[in-house]
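In: coords please:
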Amino acid sequence: MKPPPPPSSSSSGGGVLRKSRGLSPYLFILLAFILFVTILYGEDFSCFFGGQFDSNYHQLHQTFSSSSTTTKKKGENQKLAFAITGEEEGDLKLGGGAGVGNCDVFSGRWVWDDVARPLYEESECPYIQPQLTCQEHGRPDKDYQHWRWQPYDCSLPSFNATLMLESLRGKRMMFVGDSLNRGQYVSMICLLHSIIPENSKSMETFGSLTVFTAKDYNATIEFYWAPFLLESNSDDAVVHRIADRMVRKGSINKHGKHWKGVDIMVFNTYLWWMTGLEFKILQGSFEDEEKDVVKLPTEEAYRMAMKSMLRWVKKNMDPDKTRVFFTSMSPSHGKSIEWGGDENGNCYNETKMIDDLTYWGSDSRKSIMSVIGQVFGNSKVPITFLNITQLSSYRKDAHTSIYKKQWTPLTDEQLANPVSYADCVHWCLPGLQDTWNELLYSKLFYP
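Out: Residues are numbered from 1 along each chain as shown. Sure, this is the predicted structure:
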């Protein structure tokens, strides 16, 4: 610590010094300690006193935007797998990628675009599940399809299906997670399938694994159902609506053995953890008659899963040849009072987005975002973070709401109150999740 400056000869300075000498030595020590701690932990204090997550959120956001992709030893080639250099971009006559690598593509605004949006028509993509085909199920408006994400400091490169498929030639791309990741997976197929001849593509499901094959490219795009990434009692890809959810500690290889050999991996996990303040962890086996179960705070249980994922990636993914992405939490819009709406409402009948740039709904736990920042920030495992939470938080208009296939007949009470059965978690396709894939595309080729 530097010594204090010498006394000033000015009268005002002398007055200050005289007052300081008059302080009780104990009070002086206390004030000095508070000043020291405030300087040392200033960021934490701003969070406590300001009651805001923004400083931590933006630090996390900037960390992932700038350095989440990889850390290599000095002297090694810094080019990431699948990344396109400026020279290669010129040779391929792509255009649109210049400057994206140095741009925070997750910070921007939604702009109306009725020329280039949507990127495909719902009726032209037969791979969309009936839970996401909003037009087919009676949604009367299409405005939600015509919004384009515009970063403040650059423009996203146009999605080039040919480049994507050529880059996947002889390779595997896999989405691992829950139904929200499955929506992003289907979006990716919709963005690609139209340039593949009808007899050269197929989709098959094998339990938890769904595989789309582009035969002429010897490429597969796959989805693997694992809502917690770890083994759980919700792992059945069809029957998984279990209220008393539980995961088994140290069990990622139960699913991970099916992920080996993948070249581009996209993970997500969040929604299924949100059952309360605590989560059940199985320390033995699901086959044990007497199960050894402990409860952890949800944040610590989630931290355990994140660390398991990173260990699996470190052991099984070659950073020189593969890429790994993690998609942040997908926001839901179940409480319209949070954006100034009716206290009993939700996303039902919402056709406009939220225009408050600081909006963050309570369904997106900031404590979980902090866990991600802590775990990923302390790791050298190369993962690219797709920070879609804030930009998606504005899109209360883009959910499937009531415009989807209902797997069980609706009661008279539900029909009389559509808010009661509106789905404010999943997203219509085409729609918001196409933007998630544009961001993935941007980070894959222009990291």
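
In: in the stretch 51-200 of the chain, which spans are strands?
Out: In the stretch 51-200 of the chain, the segments counted as strands under DSSP state E, counting those that start in this stretch are 108-112, 147-151, 172-177.

In: can you list the buried residues in the second one?
Out: By neighbour count on 16 or more other C-beta atoms under 10 Å, the buried set for strand 147-151 is W147, R148, W149, P151. No exception for glycine: its C-beta is placed from N, CA and C like everyone else's.

In: who's the third one bridged to?
Out: Same thing as W149. W110 (DSSP bridges).

In: would you check how far apart it and L156 are?
Out: W149 sits at a distance of 7 Å from L156 (criterion: C-beta to C-beta, to the nearest Å).

In: and what of N102?
Out: Distance from N102 to L156, counting by C-beta to C-beta: 14 Å.

In: and if you look at A243?
Out: Taking C-beta to C-beta, one finds A243 at 40 Å from L156.

In: which one of those two is surrounded by more residues?
Out: L156 (21 against 5; other C-beta atoms under 10 Å).

In: please name the residues that touch the more buried one.
Out: Neighbouring residues of L156 by C-beta atoms under 8 Å, 6 or more residues apart in numbering: G96, V100, V105, W149, Q150, E438, L439, S442.

In: out of those residues, who's nearest Q414?
Out: Distance to Q414 across those (C-beta to C-beta) is lowest for W149, with 34.1 Å.

In: so what's the closest one up against?
Out: Contacts of W149 (C-beta under 8 Å, 6+ apart): G108, R109, W110, V111, L156, L391, T435, E438, L439.

In: could you redo the last one with a cut-off of 7 Å?
Out: G108, W110, L156, L391, T435 (C-beta atoms under 7 Å, 6 or more residues apart in numbering).

In: need these in a markdown table with pLDDT, can you?
Out: A markdown table is the format used below for the contacts of W149 (pLDDT from 0 to 100):
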| residue | pLDDT |
| --- | --- |
| G108 | 96 |
| W110 | 98 |
| L156 | 94 |
| L391 | 98 |
| T435 | 98 |
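
In: determine which two of those are furthest apart.
Out: W110 and L156 (12.5 Å).

In: thought Y152 was touching G108?
Out: Yes. Counting by C-beta atoms under 7 Å, Y152 touches G108, with 5.1 Å between them.

In: more neighbours, the two?
Out: Shown here are Y152 and G108; by other C-beta under 10 Å, G108 has more neighbours (19 against 10).

In: quick one: the more buried one from G284, how far?
Out: For G108, the distance to G284 - C-beta to C-beta - is 47 Å.

In: L156 now?
Out: For L156, the distance to G284 - C-beta to C-beta - is 47 Å.

In: now E413
Out: Using C-beta to C-beta, we find E413 at a distance of 43 Å from G284.

In: looking at these two, which one has more neighbours?
Out: G284 (12 against 9).

In: helix, strand or coil for that one?
Out: coil (DSSP: H, G, I helix; E, B strand; the rest coil).

In: partners of E278 in the sheet?
Out: Here E278, judged by DSSP bridges, has bridge partners P297.

In: just the pLDDT for it.
Out: In this model, E278 is scored at 93, pLDDT.

In: swap in L35?
Out: The model's pLDDT for L35 equals 49.

In: ok, E343 next?
Out: In this prediction E343 is given a pLDDT of 92.

In: count the neighbours of the closest residue to it other than its chain neighbours for me.
Out: Here the nearest residue to E343 in space, its sequence neighbours aside, is I337; by C-beta to C-beta, 6 or more residues apart in numbering that works out to 4.5 Å. Using other C-beta under 10 Å, the number of residues around I337 comes to 11.

In: then Y217?
Out: By other C-beta under 10 Å, neighbour count at Y217 equals 19.

In: mind checking how far it is from K171?
Out: For Y217 relative to K171 (C-beta to C-beta), the value is 9 Å.

In: D356 too?
Out: 42 Å.

In: helix or strand with the lowest mean pLDDT in the protein?
Out: helix 42-50 (a mean of 33; mean pLDDT, DSSP states H and E).

In: could you find the closest non-adjacent residue to N316?
Out: N316 sits nearest to K260 (C-beta to C-beta, 6+ apart), 5.7 Å away.

In: then P130?
Out: K405 (3.6 Å).

In: for that neighbour, give its distance to L132.
Out: 9 Å.

In: between those two, which has more neighbouring residues?
Out: Set side by side, K405 and L132 show more neighbours around L132, with 26 against 12, by other C-beta under 10 Å.

In: and the residue lying closest to the more buried one once chain neighbours are set aside, what element?
Out: By the measure of C-beta to C-beta, 6+ apart, the closest residue to L132 outside its immediate chain neighbours is L429, 4.6 Å from it. Remark: L429 resides in no helix or strand, with elements defined by DSSP states H and E.

In: could you list the low-pLDDT ranges of this structure?
Out: 1-78, 86-99, 240 (pLDDT under 70).

In: cool, thanks, signing off.
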